[in-house]
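[1] Here you go, sequence then predicted model.
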Amino acid sequence: MKNNLFKMDGKFYYGWVILFVGFMTMFICYVVKVNLTSLFYTPITEELGITRTAFTQTNTIMTISMLVSSAFIGKIYKKYPVKYVLTGCVVLTSACYVLMAGATSLWQLYLLCAIQGLGWGGATNLPVTIMVSNWFGPKIKGTAMSIGMLGSGAGALVWVPLANHIIANYGWRAGYLALAAINAIMIPLALALVVSMPADRGFETRVGDPSPEEVAAAGGVSTQKTGITGKQALRTTRWWLQWLAGLVTMIGASAFSTQCVAYFTDITGDSTKAAGIYAGALGTLILGKFLLGVFSDILHIKRTAVIAPFFYAAMFIAMMLSATDMKFSTWMLPLYMIGGSVPSVIPFLITARNFGDKEYSVLSGWMNMAGNIGQIIGPTIAAFIFDITGTYQLAWIIFAVLMVLVGILYMLSSMTSTKQIEAMGYKPQ
């Protein structure tokens with residue numbers, strides 16, 4: 001029976017519906033959590049009379065909670081249907097936004113962010129990576145992952161201007177209520193469309209799996225659901241190098257996402273223009289994440305993982321130079337298109353390449369832990385440097401250097417533990 005990209009086993013391949021749901025998860029949930037936070041810095045700190053460092057700790061507390069959640073959420077996704085875990089996480093995060101709209105002091109925001117972080121651990125990029133890994137084989141996994149992940153770029157173009165308009169005209173409390181409503185859109189989508197595994201819809205083969213001839217040529221070993229366990233991965237140097245690369249990546253990425261609007265508001269004196277620059281940068285991810293996935297399939301993920309972080313380093317340099325000449329703010333857009341795509345594409349593709357997808361949900365959850373730790377460190381460094389020096393310039397230099405380090409860590413990762421992993425029964429692709 002002939003198969004193609006859109007039909008498998010004689011019928012439309014439902015994996016494309018799953019990929020649409022993944023796209024919408026990034027379009028809605030990821031943007032709400034990651035990309036809209038910076039819009040609240042100025043209005044909340046001014047109304048409550050607190051420093052940016054103090055408000056940044058809402059992100060720190062939330063991320064610590066996400067770190068706890070990431071330690072076990074992958075196992076929950078492995079044990080229970082994806083649709084119900086995702087729905088539960090979205091319900092929890094939306095409810096917290098409703099309560100945050102009524103907060104009258106900083107400690108209330110701290111408490112609600114701690115609760116909300118438990119839900120965010122399972123409601124952003126993790127379910128996307130799990131769904132793509134379950135439904136798409138290694139020959140197309142990179143492209144499929146990038147298509148799902150580019151939803152965040154598209155979502156930013158829609159939600160950043162809308163949320164900024166609501167906050168500017170009706171206040172930050174109305175902004176939190178808007179975030180709750182936007183986030184809740186994901187609930188009916190998850191319940192109506194998500195199916196955990198291809199076998200649940202009657203598919204024996206995934207799009208992107210090797211043909212029987214390719215399997216025979218490889219020695220008769222299928223690449224579907226093969227790899228090593230999480231416990232085995234933890235015993236390799238390769239794992240810890242890529243884990244550290246994921247952590248360092250998110251130090252810079254989270255600082256950008258939380259401080260960008262405040263930075264350009266300080267420079268231009270115009271919050272609307274600052275939000276426009278931020279939305280424009282995020283909008284480039286629509287193309288950037290797709291390109292990064294395609295490059296990973298064509299050039300190989302181990303090469304792409306080394307090259308792409310250097311674009312992020314250059315973006316931070318352009319951002320620093322924007323303080324003296326705003327023309328550099330336009331230079332940062334094409335650099336961010338590739339560099340900004342790294343955090344949500346590279347760690348999960350490199351995990352599948354290095355360790356297979358036998359326990360992919362568990363390993364992805366642990367990679368999320370690395371990102372969560374980075375999210376604690378990055379915004380705190382940026383806000384602290386601003387509060388001490390009155391500028392973000394030194395912070396952007398530090399983050400540029402760290403992005404160069406990311407490329408080096410991924411390069412070292414691909415060079416280590418090969419024989420050790422092969423002895424465990426899996427050959428990195």
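    On my side now, so go ahead. Residues are numbered from 1 along each chain as shown.

[2] drop to CA atoms for contacts and neighbour counts, all remaining ones
    OK.

[3] Point to the helix or strand of the chain where mean pLDDT is at its lowest.
    The weakest-scoring helix or strand in the chain, judged by mean pLDDT, DSSP states H and E, is helix 212-217 (a mean of 60).

[4] Return the alpha-carbon coordinates of the following helix or strand past it using CSV.
    Using DSSP states H and E, the next helix or strand after helix 212-217 towards the C-terminus is helix 230-233. What follows is helix 230-233, C-alpha atoms only, in CSV (Å, rounded to 0.1, in the frame of the first residue of the first chain):
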residue,chain,number,x,y,z
GLY,A,230,16.8,8.2,30.8
LYS,A,231,18.9,6.5,33.5
GLN,A,232,21.4,5.3,30.9
ALA,A,233,21.6,8.8,29.4
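
[5] Helix 230-233: how far from the chain's middle?
    Chain-centre distance of helix 230-233: 23 Å, with C-alpha atoms, centre = their mean, to the nearest Å.

[6] buried sites along whichever strand or helix holds I115?
    According to DSSP H and E, I115 maps onto helix 106-120. Residues 106, 109-110, 112-120 are the ones in helix 106-120 that count as buried (16 or more other C-alpha atoms under 10 Å).

[7] could you pull out the helices for the stretch 251-400 of the chain?
    Along the stretch 251-400 of the chain, the segments classed as helices by DSSP state H, counting those that start in this stretch run 271-283, 285-298, 301-321, 328-339, 342-355, 360-389, 393-414.

[8] try the stretch 1-150 of the chain
    With DSSP H, counting those that start in this stretch, the ranges of helices along the stretch 1-150 of the chain come out as 15-25, 41-48, 52-79, 82-100, 106-120, 125-135, 141-149.

[9] In the shortest one, which residues are buried?
    It stands for helix 41-48. Residues of helix 41-48 classed as buried by neighbour count (16+ other C-alpha under 10 Å): 41-42, 44-45.

[10] helices and strands around it, which ones?
    helix 52-79 (3 or more C-alpha pairs under 8 Å, 6 or more residues apart in numbering; DSSP states H and E).

[11] just the buried residues of helix 41-48 now: which is nearest G339?
    G339 lies nearest to Y41 out of the buried residues of helix 41-48, by C-alpha to C-alpha, at 24.3 Å.

[12] Quick one: mean pLDDT for stretch 333-350?
    Stretch 333-350 carries an average pLDDT of 89.

[13] Can you give the contact residues for that stretch?
    125, 129, 141-142, 145-146, 149, 242, 246, 249-250, 253, 280-282, 284-285, 287-289, 291-293, 301-302, 305, 308-315, 364, 367 (C-alpha atoms under 8 Å, 6 or more residues apart in numbering).

[14] can you check stretch 292-311 too?
    Contacts with stretch 292-311, where a contact means C-alpha under 8 Å, 6+ apart, come from 139-147, 335-336, 338-339, 341-342, 345-346, 349-350, 353, 403-404, 406-408, 410-411, 414.

[15] what's the answer for stretch 368-375, then?
    In contact with stretch 368-375 (C-alpha under 8 Å, 6+ apart) are residues 59-60, 63-64, 66-68, 70-71, 121, 126, 243-244, 246-255.

[16] Also stretch 391-400?
    By C-alpha under 8 Å, 6+ apart, stretch 391-400 touches 251-252, 263, 312-317, 319-320, 381-383, 385-386.

[17] Give me the buried subset of those.
    Using 16+ other C-alpha under 10 Å, the buried members of the contacts of stretch 391-400 are 251-252, 263, 312-317, 319-320, 381-383, 385-386.

[18] Any idea which of those the model trusts least?
    Pick the lowest pLDDT in the buried ones among the contacts of stretch 391-400 and you get A383, at 85.

[19] hang on, that residue packs against T56?
    Yes - taking C-alpha atoms under 8 Å as the definition, A383 is a contact partner of T56 at 7.1 Å.

[20] Overlap in contacts, the two.
    Joint contacts of A383 and T56 (C-alpha under 8 Å, 6+ apart) do not exist.

[21] got the buried residues for stretch 8-18?
    Using 16+ other C-alpha under 10 Å as the test for burial, stretch 8-18 gives 8, 13-16, 18.

[22] Now for the residue nearest to M197 when sequence neighbours are not counted: which residues touch it?
    Leaving aside its sequence neighbours, M197 sits nearest to N134 (C-alpha to C-alpha, 6 or more residues apart in numbering; 6.0 Å). Listed by C-alpha under 8 Å, 6+ apart, the contact set of N134 reads 196-198.

[23] From M250, how far out is the most centrally placed residue in the chain?
    Most central in the chain under C-alpha atoms, centre = their mean is S344, positioned 3.6 Å from the mean C-alpha point. Using C-alpha to C-alpha, to the nearest Å, one obtains 10 Å as the distance from S344 to M250.

[24] Residues touching stretch 111-121, excluding its own?
    With C-alpha under 8 Å, 6+ apart, stretch 111-121 has contacts from 33, 58-59, 61-70, 73, 88-90, 92-93, 96, 99-100, 368.

[25] what does stretch 56-65 give?
    For stretch 56-65, contacts defined as C-alpha under 8 Å, 6+ apart pick out 109-110, 113-118, 372-373, 375-377, 379-380, 383.

[26] Alright, calling it a day.
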